[in-house]
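Colleague: Have a look; sequence and predicted model below, questions after that.
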Amino acid sequence: MLKTYSRDGVVPHKFIETMKLLNIYLNHFPKHERHALCSTIRTTAYNLYNLITEAFKRYYKKTTLTQIDITHEQLRMQIYLAYELGYFGFSGGKEAENRSDVEGHRYLTISRLIDELGKLIGAWIGNAKAKGEW
């Protein structure tokens with residue numbers, strides 16, 4: 001049986017859960033990155049949400065779901081870049097004492113949520129192909 005996706009369903013709920021945590025982490029980025037990478041990550045995440053909303057209204061979803069998949073991967077790579085630059089270990093104007101522990105935990109937590117979102121998007125694409133909406 002094919003799983004249906006509604007605007008009150010799984011994908012928006014998972015996205016909102018991810019975005020709540022991501023916003024908390026982004027607020028701890030260094031000040032010099034708040035208007036650069038931090039802003040880019042937020043913009044990408046909001047664009048992803050807009051595309052998810054748009055996909056619910058489209059009958060043929062191929063282009064929109066492809067854009068969702070691409071934007072999701074961009075978000076994943078931007079989060080990885082922030083991790084590699086050490087921004088997840090930054091806290092309130094100074095480095096955290098156990099920087100690697102805090103940084104690793106924050107990155108793994110948000111990365112898992114983004115991966116779950118990616119799995120849902122992949123299932124949505126598979127569902128659209130099976131229904132002929134592709």
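Modeller: All right, it came through fine. Numbering: from 1, shown residues only.
Colleague: pLDDT weak spots in the protein?
Modeller: 1-9, 91-100 (pLDDT under 70).
Colleague: redo that, cut-off 80
Modeller: 1-10, 90-101, 133-134 (pLDDT under 80).
Colleague: Can you list the residue ranges for strands in it?
Modeller: Under the criterion DSSP state E, the chain contains strands at 90-91, 94-95.
Colleague: residues contacting the closest residue to I41 other than its chain neighbours?
Modeller: If the residues on either side of it in the chain are set aside, I41 comes closest to Q78, at 4.9 Å by CB to CB, 6 or more residues apart in numbering. (Glycine included, C-beta is placed from N, CA and C.) Residues near Q78 by CB atoms under 8 Å, 6 or more residues apart in numbering: 37, 40-41, 44.
Colleague: Out of those residues, which comes closest to V10?
Modeller: Closest approach between the contacts of Q78 and V10, by CB to CB: T44, at 20.8 Å.
Colleague: ok, the closest one to W134 distance?
Modeller: Per CB to CB, to the nearest Å, T44 is found 24 Å from W134.
Colleague: From the contact counts, what lies against the longest helix along the chain?
Modeller: Of all segments of type helix in the chain, defined using DSSP state H, the longest is helix 99-131. Counting contacts by 3 or more CB pairs under 8 Å, 6 or more residues apart in numbering; DSSP states H and E, helix 99-131 is packed against helix 10-26, helix 62-84.
Colleague: Same list, the ones you listed, but as TSV with distance to W124 please.
Modeller: Shown next, in TSV, are the helices and strands packed on helix 99-131 (distance: least, CB to CB, whole Å):
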stretch	distance to W124
helix 10-26	6
helix 62-84	7
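Colleague: For N50, find the nearest of these.
Modeller: Of all the helices and strands packed on helix 99-131, helix 62-84 sits nearest to N50, with 9.2 Å by CB to CB.
Colleague: Run the angle between the closest one and helix 10-26 for me.
Modeller: Here helix 62-84 points in a direction 30 degrees away from that of helix 10-26 (axes from the mean of the first three to the mean of the last three CA atoms, to 10 degrees).
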